[in-house]
Structure formats: structure tokens, C-alpha cells
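Enquirer: Let's see this in three dimensions:
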Amino acid sequence: MSMSLASLLSTSQLRTSFCGGQIETKEKMKYVLVTGGVVSGLGKGVAASSIGVVLKACGLRVTSIKIDPYLNTDAGTMSPFEHGEVFVLDDGGEVDLDLGNYERFLDLKLTRDNNITTGKIYQSVIEKERRGDYLGKTVQVVPHITDAIQDWIERVAKISVDGVEGPADVCIIELGGTIGDIESAPFIEALVQFSHRVGPGNFCLVHLSLVPVLNVVGEQKTKPTQHSVRQLRGLGFSPNILACRSTKELEENVKAKLVQFCHVPLENIVTLYDVPNIWHIPLLLRDQKAHEAILKALNLQSDTKKPNLREWTERTKICDSLREPVRIAMVGKYTGLKDAYLSVLKALLHASVACRRKLIVDWVAAGDLEDTTAEEDPDAHRTGWGLLKGANGILVPGGFGDRGVQGKILAAKYARENNIPYLGICLGMQIAVIEFARSVLGLHDANSAEFDPATKNPCVIFMPEGSKTHMGGTMRLGSRRTYFQVADCKSAKLYGNVDFVDERHRHRYEVNPEMISQLESAGLSFVGKDETGRRMEIVELVGHPFFIGVQFHPEFKSRPGNPSPPFLGLIAAASEPRTVLPQNTSKLTNGISNGHAPISKVHFHGNGFKSANGSLNGVYTNGNGNGVHMDGIGNGVYIDGNGSCNGVYVDGSW
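Expert: As a prediction, this is how the structure comes out:
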């Protein structure tokens, strides 16, 4: 079906699920452990999530645990450059981004205890020692630390995270890092002991390893995997299943060699080769019958059904077949590491697939838009503004610190003045308020107290309950309720005309409530507030096609079959036909003229983004107002002139 932003706003929230008909089992808890070897970054989180998808499709209830061997108690104080994004849970837990993969793939609501760290384990053991719980014994790694790890796993595995009463059937555990790392040694020993504690038929080990291809000889090499498995066996583990990462499917002679040297049956060796997007991974596992090997190891063959991945398969095919592009300029601070905005990217993808648009993300470093960059690096400045002006929509995500803030303000100003769809998240919302106060109210020194504590017009202030001395766990975190103040605002309509919505937060600063009346009188409407009515949650610009800022992080609750409403609204608005060039097209700056604008092209591919040859040669309307040709000469992608957002999933049908 075809749907514009206007028709989208008149529908209830889009919802679907990809698996139903859970099968109840009476057996004791089963465990699947996923480990990694050779190198880090192989995709253990995606593999663990995909295993969960297949098992869930077999009718089992699943839960997940991520083990991170670092000493931090949680991910909250880590730089995005160091560890990627910090994923926030309903209970306020700041956890590893892999838990976001689990929640998105499996549609779960995990707890902070589903993320185990060395810091948490040692802290709990030391607290027991200080209380005298060990009755004067010498506290050691074995047995006290290893016992604490096992007890933690067993306790958390029983917590229901899928909305159904009672514990799940299978708990999938991912051990972070690489086999052989010093910091993971206590966890390996604990998990070896744990496999004996739960007994045969209740524990399955999946080892993810790399089978590289040397360009010189073009041959798949098994030696790294052989060494990894040998090291694993030396630690007391023998893998039940070997999952091999490679650029292409394993050759039969390569599998035979792995069978011989790794002592794993042929039917238990699966290839996770490169695919267009990660939604293919559960399908690869199913096609290679990985679920049968897992179910056999767990003695669950008689309690399950054939995996039903019909809706998952259909969604994957749709994603691969998308051709009509929608360009979103992501204006941020951490553009050098895409994992810093992983959930935002996934939320954009979910929304673009629902709207039947091929997502193209243009990464714009906020600092490149600033005047200082124009002097120091004119090429970067020109490129940044070219990407911004060539976008169908602009998104400013959350962040901390003052670097790039002025560039973000300029991006919000451009979107506001040129009717470009805009979504600001957390800091992105605060940026929009600051820009409005400066440009519309004439308060040229308006700022956030985070960036200028001495400003005379603090649009954004430090929250009274926050701590200025401790960083970890002291922000406003987790699920909080937002009440809509205006019934017919765009945000309320996107959420299905509900009275309130629960979304996840992570911030220390808030819009100054003392300035609200002044801002609203000038046309900035705060349509969502917390239960006190003094904390601003959602802002909209009156008269703008789509200009929304949210204090919360809606990306954390977006799901492949249930896109986040603010992201869905942004993509729908960005998909409507409009020229994105300035009004005077006879002679333009930044190398753009006569409707021809060279724009670098970025495609979503797998877990990241890659540059592609070719360019989009301009954007213009065709004279009769019936569409937008994206190639400048009329031979390229054509977006329907009625502003349609084709294929939005509503009420159970496309």
C-alpha cells in the first residue's frame, strides 16, 4: 500500500511480530554459550542473537546474557570511540551494545543483570567479604569468583524478559573478547565448571572462528581456527558447533579439514559468510540446520517444531529489494566510528524498510559545518555542507561535550529555515531549542549550561538531582513516562494518539522550564512533558512539515517489525517529494549549479557502511510537480509525486 506522512499520522502505531505460538517445555534450563576465537569483532553478538531467533522460531522461549571481561562495572563511563554506543535498558542499566542486538532480534526487555562484567563480579564478592559472609576464609578466584559467576548466570537466566510468566527454555550466553585473553580466564573456568554443574544435555558450546582467505593464493585457510579450537580444548572445552566467519561459503575440502583437526562433526560446521545485511544470518543458520545440531545437543528435539521464519524472510527480501532512496544526513560527533550510533542506524533501517525506501546515510562531522573549518579545511567544510543540503532529512543524535556543537546548531537552523525534516534526539533536541532561542528570540548568547556555565540565557540547565562529582550511573536513566500536552500534534499521532508513552532516557541536562513560555509564544511547542509538567520531553516546530526533538532515546526500543514512531515519521516525511536545493538555482555555492550536485554516495551494507562508485547528479522537480528525479536527467529513481511511503505495514497487511 502507499502512504504519505499525512496518512501515516492518521493511523495507529505500526506493530507486528515475527514469531508466535511459543511451545512450553517442562525441562530444566538449557544453556548455549557463544565464544570467539582468532580475532575480535567477528560478530559474536549477531551470531548469538541469530541463534536466539532460530530457536524462538522453533517455539522455544529464550533469554540472553552478555559477559564482558572488562573491570568497568558497566558501559556507562566508556567513550563511544572506545567501545561503541552505550545501550540503555528499561531499568536504567547502561550496557554493552550487543544487548541491543539481543533486544532487537528477539524482542526482549533485558535487565542490567543480563550484562555481567568483571567489575560487577568482583564488587559483589568483595562486598560479601566485607560483610563476613565467607566466615574468615581466604577469598580466591577459584572457587569464590568462579562460583559468583555461575550463581549470577543461574539467577539471571530465570528472570522473564519476554513478558511471559516463568523462566525461559534456553539462555544464550555470549562471552566477550577472544579465547586466550587474560581477563576472560576466570569466566572460562567458571563456564567449564558450569557446564558440569548443569549436566550433559543442558549445555551447548558454539565457537565462532575466522577462516581467512589470503589474496595471494585465494585459498581458505583453516590453521587459525585449528589453533583456536586447540586452545579452547586446552582450557577444558570442546565445541559442539563450529561457526566459521568467511567471505564466502566454506568449500567441502575445507570443512573436511576442520572435521579432522577440530573433532567436530561435519553437520555441526556452519558458515557465516558475508551477506548484504545481518538479517540473513538467522536464515543461514536455518538453511544449514544449525538449530538441529543445537537442539540435539540440548535434548530438545521432541519439544520443538520446524522453525517458522516466514515473516523474517519476507522482511529480509524487502530490505534487499529496495531501490528508491531516502538520504538522511547524520550530523554527529563520533562519525569516525559507526558503532557509536548503532541503535540510531538500526532504527533508521527499520523505518526505511517499513516505508519501502533504500536508506542512504550521509555522515556529516558536526565540526565540518562550522566557520572555523571553512578557514582551516575548506574541502571538508564544502563536503559537509554539500551532504547536508543534498539530504532528504536531517538527524542530530545524542552526545556529550561541546565539540561540534556549533555545527549541530547550524544543521538545526538549516533544517528549520528550509523546511527539511528534522529529528533531534537528546542533545539534538536541546540543540534545536538553543538555535531557536538565538535565531528567533534574538538571544544571541543562548546556550546550554553544559557548554557555557556563565551564559545569561541558559536554555538548557543541569538537572537538580544529578551528581557533578560522579559520572557512572548518575544520569536520568531508563524508562520514563512522557505525557502528551497537545492531542493533535504529530508526535502523538505517530504514537497512535495515546495519552502517554514510555521511552528510555540518558541525560544530565534538560530544557530550562523558566524559558518555556517565551519559547512557546514564538512558535516552539513543547507537546510532551513528564509527570510534573516541568521537564520537557518532546518539542515540535509549529508550521514546519516535520521538525521534532525528543529528550529520550527512541532508538533503543525500535524493532525490525515495529519501527520507532519518531524515526518512522522522519523517514516518511523525508520520502515526500521536495527539492532540497536552495531557491536560487542559477548560481549556487559549494560547487552546486543548475540542478546538478555531486554528492558522495554511501550504502548500508552488513554491519557498516562503505563508499560506492558513482554519484547522484542532482535533485530537481520536473516542472509539473508530480515527482522528484534523483539523477538530474530523468533516468534514475523516481519518487511518486503524491509523496507516498510505499509498503508501510499497518494492521497486519502491506
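
Enquirer: strands paired with the helix or strand hosting residue 477, and their directions?
Expert: Residue 477 belongs to strand 476-484 when assigned by DSSP states H and E. With DSSP bridges as the test, strand 476-484 is paired with strand 500-507 (antiparallel), strand 524-529 (antiparallel).

Enquirer: Make JSON lines out of the ones you listed and add mean pLDDT.
Expert: As requested, the strands paired with strand 476-484 are exported to JSON lines (pLDDT from 0 to 100):
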{"stretch": "strand 500-507", "mean pLDDT": "93"}
{"stretch": "strand 524-529", "mean pLDDT": "94"}
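
Enquirer: Go through these and pick out the most buried.
Expert: Of all these, strand 524-529 has the most neighbours on average by mean count of other C-beta atoms under 10 Å, namely a mean of 22. Where you see a C-beta, it was placed from the backbone N, CA and C, and this is true even at glycine.

Enquirer: Can you tell me what sits against that one?
Expert: For strand 524-529, contacts defined as C-beta atoms under 8 Å, 6 or more residues apart in numbering pick out 433, 436, 440, 482-486, 489, 491-492, 501, 511, 516, 519-520, 535-542, 550.

Enquirer: so how far is it from its chain's centroid?
Expert: On the basis of C-alpha atoms, centre = their mean, to the nearest Å, strand 524-529 sits 26 Å off its chain's mean C-alpha point.

Enquirer: Show me what secondary structure element comes after it.
Expert: Elements were assigned by DSSP H and E; along the chain past strand 524-529, the next helix or strand is strand 536-541.

Enquirer: Let's test this: mean pLDDT of the strand holding residue 477, rounded?
Expert: Summarised as a single mean, pLDDT over strand 476-484 is 93.

Enquirer: thought residue 50 was touching residue 282?
Expert: Yes. At 4.3 Å, residue 50 and residue 282 qualify as touching, with contact defined as C-beta atoms under 8 Å.

Enquirer: Overlap in contacts, those two.
Expert: Taking C-beta under 8 Å, 6+ apart as the contact criterion, the common neighbours of residue 50 and residue 282 are residue 105.

Enquirer: Tell me, how many residues neighbour residue 237?
Expert: By the criterion of other C-beta atoms under 10 Å, residue 237 has 19 neighbours.

Enquirer: Residue 206 versus that one, what's the distance?
Expert: Using C-beta to C-beta, to the nearest Å, residue 237 is found at 11 Å from residue 206.

Enquirer: Identify the contacts common to those two.
Expert: residue 35.

Enquirer: hmm, back to that, packing partners of the helix or strand following the strand holding residue 477?
Expert: Sequence-wise, the next helix or strand downstream of strand 476-484 (DSSP H and E) is helix 490-494. Other helices and strands packing on helix 490-494, by 3 or more C-beta pairs under 8 Å, 6 or more residues apart in numbering; DSSP states H and E, are helix 5-9, strand 524-529, strand 536-541, strand 547-550, helix 565-574.

Enquirer: between the second one and strand 536-541, how many degrees?
Expert: Relative orientation of strand 524-529 and strand 536-541, computed by axes from the mean of the first three to the mean of the last three C-alpha atoms, to 10 degrees: 150 degrees.

Enquirer: going forward can the numbers begin at 727, since that is how I track them
Expert: Okay, residue one is now 727; in that scheme the one you just asked about reads as strand 1250-1255.

Enquirer: Just the strands from the stretch 1027-1176 of the chain, written as ranges.
Expert: Assigned by DSSP state E, counting those that start in this stretch, the strands in the stretch 1027-1176 of the chain fall at 1051-1058, 1084-1091, 1119-1122, 1148-1151, 1173-1174.

Enquirer: The third one: partners in the sheet, and parallel or antiparallel?
Expert: This means strand 1119-1122. Paired strands of strand 1119-1122, with direction, are strand 1051-1058 (parallel), strand 1148-1151 (parallel) (DSSP bridges).

Enquirer: Determine how far the last one lies from the middle of the whole chain.
Expert: The one in question is strand 1148-1151. Computed by C-alpha atoms, centre = their mean, the chain-centroid distance of strand 1148-1151 equals 16 Å.

Enquirer: quick one on the thing from earlier: between the helices and strands packed on helix 1216-1220, which gets nearest to residue 810?
Expert: Residue 810 lies closest to helix 1291-1300 among the helices and strands packed on helix 1216-1220, at 19.4 Å (C-beta to C-beta).

Enquirer: Walking through the stretch 1227-1376 of the chain, point out its strands one by one.
Expert: Counting by DSSP E, counting those that start in this stretch, the strands of the stretch 1227-1376 of the chain are 1235-1237, 1250-1255, 1262-1267, 1273-1276, 1324-1325, 1328-1331, 1334-1337, 1342-1343, 1346-1347, 1353-1355, 1364-1366.

Enquirer: Tell me where the stretch 1277-1380 of the chain is predicted with low confidence.
Expert: Judged by pLDDT under 70, the stretch 1277-1380 of the chain has its weakly predicted residues at 1305-1380.

Enquirer: if we go to 80?
Expert: For the stretch 1277-1380 of the chain, the stretches flagged by pLDDT under 80 are 1304-1380.

Enquirer: just the stretch 1077-1226 of the chain next, same as before
Expert: Applying pLDDT under 80 to the stretch 1077-1226 of the chain flags residues 1126-1128, 1190-1201.

Enquirer: Which pLDDT does the model give residue 803?
Expert: Residue 803 is given a pLDDT of 82.

Enquirer: Need the three-state assignment for the residue located most distally from the centre of the chain.
Expert: Centroid-distance maximum for the chain: residue 862 at 46.1 Å, with C-alpha atoms, centre = their mean. Counting by DSSP: H, G, I helix; E, B strand; the rest coil, the backbone at residue 862 sits in coil.

Enquirer: contacting residues around residue 887?
Expert: By C-beta under 8 Å, 6+ apart, the contact set of residue 887 is 789, 790, 834, 835, 836, 837, 840, 894.

Enquirer: and it, how far is that from residue 836?
Expert: 5 Å.

Enquirer: same question, residue 1111
Expert: Counting by C-beta to C-beta, the gap from residue 1111 to residue 836 is 41 Å.

Enquirer: Settle it for me: which of the two has more neighbours?
Expert: Remark: of residue 1111 and residue 836, residue 836 carries more neighbours, 25 against 21, as counted by other C-beta under 10 Å.

Enquirer: per-residue pLDDT, that one?
Expert: Looking at residue 836, its pLDDT stands at 97.

Enquirer: ditto for the one 4 residues further on
Expert: According to the per-residue confidence, residue 840 scores 97 in pLDDT.

Enquirer: what about the residue nearest to it when sequence neighbours are not counted, which SS state?
Expert: Distances taken as C-beta to C-beta, 6 or more residues apart in numbering place residue 791 nearest to residue 840, at 5.3 Å, with adjacent residues excluded. Put simply, residue 791 is strand when judged by three-state DSSP.

Enquirer: Give the burial count for residue 791, as a bare number.
Expert: By other C-beta under 10 Å, 24 other residues sit near residue 791.

Enquirer: Give me the most central residue, the chain.
Expert: Short answer for the chain (C-alpha atoms, centre = their mean): residue 1069, at 1.8 Å.

Enquirer: That one: what's its closest spatial neighbour, skipping adjacent residues?
Expert: Closest residue to residue 1069 apart from its sequence neighbours, by C-beta to C-beta, 6+ apart: residue 1281 at 4.1 Å.

Enquirer: Over to residue 775?
Expert: Spatially, and ignoring its direct neighbours in sequence, residue 775 is nearest to residue 831 (3.8 Å; C-beta to C-beta, 6+ apart).

Enquirer: so how far is residue 1104 from residue 1096?
Expert: Noted for residue 1096: a distance of 12 Å to residue 1104, by C-beta to C-beta.

Enquirer: Measure how buried residue 837 is and give me the count.
Expert: 18.

Enquirer: any idea what sits nearest it, other than its immediate chain neighbours?
Expert: In space, residue 837 is closest to residue 817, 5.4 Å off (C-beta to C-beta, 6+ apart).

Enquirer: give the contact list for the one you found.
Expert: 837, 838, 1204, 1205.
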